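*Asks:* Kindly generate the corresponding structure for this input.
(chains A and B)
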Amino acid sequence: MEKKEEKKQVSGEKEPVAEAVAQNTKEPRAVETVPAKGGANEEMVHLIMFRLGSEYYAIKIGLVKEVTITPTITRMPRTPHFIKGVANIRGDIIAVMDLEQRFNIEPTPVEQGLHNPNVTYTLVLEAKDYNLGIIVREMPQSINLPVSKIDKTPSFLQDINIQENYIEGIAKVNNRLVIVLDMYKVLTQDEVNELIG
Amino acid sequence: MKSREEEYKEIFVAEALEYYDALNRHISELERKPQDDQILAEVFRLLHNLKANAKAIGYLQISDVSHKLETAFSLIRNRELTFSDEVVTVLFDGIDLLGELIHNIDNENYGEADPVLLRNLDIIVDNLSDSTIELAKVQKYNTSKNLSLSDLIYIQIKKLDHLMNLVGELMIDRDRIISISRELNNDELQNVSSHLYRITEDLQYSVMDARLVSIGTLFNKFPRIVRDIAAAEHKEVDLELAGQDIQIDRNILQIMTDSLLHLMRNAISHGLEKPEEREKKGKPRAGRVSLTAQNDRENVLIRFSDDGKGIDLKQVKNTAIERQLVTADVANDLSEVDALSLLFEPGFSTAKEVTEFSGRGVGLDVVKNAIDSIGGRISIDSKQGKGTTFTLRLPTSIAVKGALLFEVDEIFYAIPLIHTEQVVSLDKDELHEVGSALVTDILGETVTVVYLHELLNADPSDMRLGDKRRLKGQVQNIIIVSYNNRKLGLIVDKLYRQQDIVVKPLRKPLDTIDLYGGVTLLGTGKVCLVLDVPAITRFYVNKR
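*Replies:* Numbering: from 1, shown residues only, chains lettered A, B, ... in the order given. Have a look, this model is predicted:
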């Protein structure tokens, strides 16, 4: 019962990205579009942007199956610390991961008044052969930008260690720096195994 | 539900009709190409199978007619009888008669087969080229043939797997609906949900039943395998099979195939002595290996025993020390049962020589892993000089399991009943701190116990498994589980009921975490973690 009220409240605040995502291919309503320099023909990429710590991150929308208010998560003892547990999403039991803990990012407090601090969102990702949830603390946004806006080889990427090769590129969106993630690399099997040991 | 006998009969009739159709097809073709050896061979094979099947199930008339036809075709194949017009007519009549017999298997009023036709068959078989005896005209009785389709269909196991998964999902939702209807206390909803309960239960059992095969489908392959291994090893073996008609899930049987084969190779190459050796010991020349199956409550028990030399405990202990599985001190104190369970440790193999059939470094741990993977149990018993017995306890179905539900630190857990021995409530004072472990006495047996909350949730650097102060409350609920002959008591916070659960396997990226056999959803919609007893036992041993 409580949950329903929360949902209404949320949708009143801002255009819900969840609906946009659910329709995936259709033109979403709340989309920040970055104009392309090279004219209208340039290839665009649709991303879902969310905040981790004080930085903005984004993943390709094709991977995102849905965005929901985080359901009850059952903790699974003796799993890596960044696995929050498992949750029942529409009868599907999926693992839910905390990327802030995964990347060792210091969480920053959510801006007052904008959100109910007790509500978090879960992005349900559809990877190659499994689904996975990612917790974010602010309502994710959807952005549209030309592929050319993503700098795939910033010089610093060559300096950082291979452990962090899950960064696909860096994009500038309205003077905001957005880190585009390669989700397939975020959770490789080897890393999970390492962390269990 | 029909009896098994009834079911066998149906299978026989369906197969027989298929053979009958194929025979008709082939013989029509043969009429056009009488010299085609391939078709002849196929006709011969079909008749032979039909004869054997009919004889096995007791339809002697069918097996008799098949036999006569088979003889006729063998003569044709050997060019002792020509496929001439006269002969062709008799053969067609004979096959028609077969069809009639099969169709009238349940018809008590059918009576005897046409004697004239039978005599004609005898004539062509017995008199070869001597055509002086006239073939009697057979009254054609089945001019208006009925076309009918078989009552049996073949189905891919993949489709049944999918069906079983769907039923599993349905059961989870059903439990959820029942729980909601109880909360809402609406009569109509409760009626509908209890009806839904009955239907899904019926559906579950029907799907499970459709997946059952008789263990004989695997057992009956062994006589030939045993012969081959025995011949290669220069040993004499009497194989005894029993319980072939016990039913088991097809996928479970599939997973057990390699394990049983492995045990068989082990028993013959390492267990049984050479014939001369056996005679010296006063045993019969031929070793006896028996493979039996029986139902045991919800499970299937497979017993595998040989009367060979048994397992040398001293050698087992020495090897274990050599491979650094245990220290010498510990090995000497091990009981017989504990020492035997060392055989299942990874990397243990007592085979001293490599033969074609066994001892390639794959030991009993592979067998154990296969059985663990389907949630079964294996135990071993051996008397030196007398023989070895393996007992395999297998679930009849993979997807649905009886389980015990409990709670630790507000998380719901389940343990499959196949691994639980008993549940006890003990006062804290009955638990004793011995070294870094807690032990208690249960019916005269000292059992190690562990507080599951401490094992699962304590910080690894601050884990104190042998500290009673970590326990909450005075009375402790303990579930005694057993794995590889070792008992372990798990102290839980709250004990709930026993329930059939549908285990959903963990998917990536959690599938490598072996502590959990899977998850299930409770009627309340809550996620319940299914603990894997083998993994939790190993985890406990490592943490100590």
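*Asks:* What strand or helix carries the residue nearest the centre of chain B?
*Replies:* By CA atoms, centre = their mean, chain B has its centre lying nearest to residue B:253, at 3.2 Å. Element membership of residue B:253 [criterion: DSSP states H and E] is helix B:250-266.
*Asks:* For that helix, buried residues please.
*Replies:* Using 16 or more other CB atoms under 10 Å in any protein chain shown as the test for burial, helix B:250-266 gives B:250-253, B:255-256, B:259-266. Where C-beta positions appear, they are placed from N, C-alpha and C, glycine not excepted.
*Asks:* roughly how far out does it sit from the chain middle?
*Replies:* 8 Å (CA atoms, centre = their mean, to the nearest Å).
*Asks:* What is the following helix or strand past it packed up against?
*Replies:* Next helix or strand after helix B:250-266 toward the C-terminus (DSSP H and E): helix B:275-280. Of the remaining helices and strands, none touches helix B:275-280 by 3 or more CB pairs under 8 Å, 6 or more residues apart in numbering or on different chains; DSSP states H and E.
*Asks:* Show me what the mean pLDDT comes to for helix B:275-280.
*Replies:* Averaging pLDDT along helix B:275-280 gives 90.
*Asks:* Using PDB, write out every CA atom in that helix.
*Replies:* Only the C-alpha atoms of helix B:275-280 are listed here, as PDB (Å, rounded to 0.1, in the frame of the first residue of the first chain):
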ATOM      1  CA  PRO B 275      39.400 -65.700 -10.400                       C
ATOM      2  CA  GLU B 276      42.400 -67.700  -9.000                       C
ATOM      3  CA  GLU B 277      42.900 -65.300  -6.200                       C
ATOM      4  CA  ARG B 278      39.200 -65.600  -5.300                       C
ATOM      5  CA  GLU B 279      39.400 -69.400  -5.200                       C
ATOM      6  CA  LYS B 280      42.300 -69.300  -2.800                       C
END
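*Asks:* Give me the contacts around it.
*Replies:* For helix B:275-280, the surrounding residues in contact (CB atoms under 8 Å, 6 or more residues apart in numbering or on different chains) are B:235-236, B:272, B:284-287.
*Asks:* Pull out the buried members of the residues you listed.
*Replies:* By 16+ other CB under 10 Å, those give B:235, B:272, B:286-287 as buried.
*Asks:* and which of those is nearest residue B:471?
*Replies:* residue B:272 (51.3 Å; CB to CB).
*Asks:* Residue B:262 versus the closest one, what's the distance?
*Replies:* For residue B:272, the distance to residue B:262 (CB to CB, to the nearest Å) stands at 15 Å.
*Asks:* can you check residue B:472 too?
*Replies:* 46 Å.
*Asks:* How about residue B:226?
*Replies:* 14 Å.
*Asks:* With residue B:168 instead?
*Replies:* Taking CB to CB, one finds residue B:168 at 31 Å from residue B:262.
*Asks:* just residue B:192 next, same as before
*Replies:* Taking CB to CB, one finds residue B:192 at 51 Å from residue B:262.
*Asks:* got it, and residue B:302?
*Replies:* From residue B:302 to residue B:262 the distance is 13 Å (CB to CB).
*Asks:* list the contacts for the nearest residue to residue A:151 once chain neighbours are set aside?
*Replies:* Leaving aside its sequence neighbours, residue A:151 sits nearest to residue A:170 (CB to CB, 6 or more residues apart in numbering or on different chains; 5.0 Å). With contacts defined as CB under 8 Å, 6+ apart, residue A:170 is in contact with A:150-151, A:154, A:177-180.
*Asks:* Pick the one among the residues you listed closest to residue B:118.
*Replies:* Distances from residue B:118 to those, taken by CB to CB, are shortest for residue A:180, at 84.9 Å.
*Asks:* For residue 63, which residues are in contact?
*Replies:* I'll assume chain A. Counted by CB under 8 Å, 6+ apart, residue A:63 has contacts A:125-127, A:183.
*Asks:* Correction: the question concerned chain B.
*Replies:* With CB under 8 Å, 6+ apart, residue B:63 has these contacts: B:50-52, B:54-55.
*Asks:* List of residues touching the longest strand anywhere in chain A?
*Replies:* Counting residues, the longest strand in chain A under DSSP state E turns out to be strand A:44-52. Applying CB under 8 Å, 6+ apart, the external contacts of strand A:44-52 come out as A:17, A:21, A:31, A:36, A:56-62, A:64, A:67, A:99-100, A:103, A:105, A:121, A:123, A:136-138, A:140-147, A:150, A:171, A:173, A:178, A:180.
*Asks:* For residue B:67, give its distance to residue B:98.
*Replies:* In this structure, residue B:67 and residue B:98 are 11 Å apart, going by CB to CB.
*Asks:* Please identify which of these two sits among more neighbours.
*Replies:* Neighbour totals were compared for residue B:67 and residue B:98, and residue B:98 leads with 24 against 19 (other CB atoms under 10 Å in any protein chain shown).
*Asks:* Next, the closest residue to residue B:432 other than its chain neighbours: phi, psi?
*Replies:* If the residues on either side of it in the chain are set aside, residue B:432 comes closest to residue B:439, at 5.5 Å by CB to CB, 6+ apart. Dihedral pair for residue B:439: phi -130, psi 160, per degrees, to the nearest 10.
*Asks:* Equivalent analysis for residue B:334, please.
*Replies:* The phi/psi pair for residue B:334 (degrees, to the nearest 10) reads phi -60, psi 140.
*Asks:* for it, what are its contacts?
*Replies:* Applying CB under 8 Å, 6+ apart, the residues near residue B:334 are B:317, B:326, B:342.
*Asks:* try 10 Å this time
*Replies:* By CB atoms under 10 Å, 6 or more residues apart in numbering or on different chains, the residues touching residue B:334 are B:313, B:316-317, B:320, B:326, B:340-342.
*Asks:* hey, where'd the helices end up in chain A?
*Replies:* All helices of chain A, identified by DSSP state H, fall at A:2-13, A:17-23, A:99-102, A:155-159, A:183-186, A:189-196.
*Asks:* list the helices and strands the third one packs on?
*Replies:* I take that to be helix A:99-102. With contacts taken as 3 or more CB pairs under 10 Å, 6 or more residues apart in numbering or on different chains; DSSP states H and E, helix A:99-102 sits against strand A:44-52, strand A:83-89, strand A:131-136, helix A:183-186.
*Asks:* before we move on, what about the fifth one?
*Replies:* Secondary structure elements in contact with helix A:183-186, counted by 3+ CB pairs under 10 Å, 6+ apart, are strand A:55-60, helix A:99-102, strand A:121-126, strand A:131-136, strand A:167-173.
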